[in-house]
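Student: turn this into a structure:
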Amino acid sequence: QVQLVESGGGLVEAGGSLSLSCAASGLAFSNYAMGWFRQAPGKERECVAVINWSGVNTYYTDSVKGRFTISRDNAKATVYLQMDSLTPEDTAVYYCAADRRMTYQVFTTPQRYDYWGQGTQVTVSS
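Tutor: Got it, this is the predicted structure:
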């Protein structure tokens, strides 16, 4: 049974930092691209960052470029999202997701992803 378990969310003041982790089990983690998505109330789920299976290619949505960093540790079957200079607009539930494609290209549409975590709440106060 595949499980993706996010952790590290919480409440932080604007300008602060949070580090999210997503621990995977039940899948060959090193063969999967991993993505972080977020969904704010009343909004569609948005792709925040993606890292391909080998870690050589990454994607960031424009609003987080220069502030967020995605990384992975295949030995620990874990993907991370370091979030710096947070703003209230970053407030959302953050989800990690796994895409079984072993390609250089990464994908940002939620429908491409095979497995999802339960989400972790990130709240940034002004």
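Student: C-alpha only now, for contacts and for neighbours.
Tutor: Fine.
Student: so how far is Ser17 from the spatially most central residue of the chain?
Tutor: The chain has Trp36 as the residue nearest its centroid, 1.9 Å off, counting by C-alpha atoms, centre = their mean. Separation of Trp36 from Ser17 (C-alpha to C-alpha, to the nearest Å): 16 Å.
Student: where in this structure is pLDDT low?
Tutor: For the chain, no stretch has pLDDT under 70.
Student: now the helices for it?
Tutor: For the chain, helices defined by DSSP state H do not occur.
Student: show me where it has strands.
Tutor: Taking DSSP state E as the criterion, the chain contains strands spanning 3-7, 10-13, 18-25, 33-39, 46-51, 58-60, 68-73, 78-83, 92-99, 115-116, 120-125.
Student: other SSEs contacting the fifth one?
Tutor: For strand 46-51, the contact count by 3 or more C-alpha pairs under 8 Å, 6 or more residues apart in numbering; DSSP states H and E identifies strand 33-39, strand 58-60, strand 68-73 as packing neighbours.
Student: any idea which of these is most buried?
Tutor: Burial of the helices and strands packed on strand 46-51 is given as mean neighbour count (mean count of other C-alpha atoms under 10 Å); strand 33-39 ranks first at a mean of 26.
Student: tell me how far that strand is from the chain's mean position?
Tutor: Mean-position distance between strand 33-39 and its chain equals 4 Å (C-alpha atoms, centre = their mean, to the nearest Å).
Student: list the contacts for the residue of the chain positioned farthest from its centre?
Tutor: Farthest-out residue of the chain from its mean C-alpha position, per C-alpha atoms, centre = their mean: Ser126, at 22.9 Å. Residues in contact with Ser126 (C-alpha atoms under 8 Å, 6 or more residues apart in numbering) are 13-14, 87-88.
Student: hmm, try it at 6 Å
Tutor: Ala14 (C-alpha atoms under 6 Å, 6 or more residues apart in numbering).
Student: hang on, the earlier thing: need the strands of the chain in CSV (columns: distance to Gln105).
Tutor: Output for the strands of the chain, formatted as CSV (distance: least, C-alpha to C-alpha, whole Å):
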stretch, distance to Gln105
strand 3-7, 22
strand 10-13, 31
strand 18-25, 21
strand 33-39, 9
strand 46-51, 9
strand 58-60, 9
strand 68-73, 16
strand 78-83, 18
strand 92-99, 11
strand 115-116, 18
strand 120-125, 26
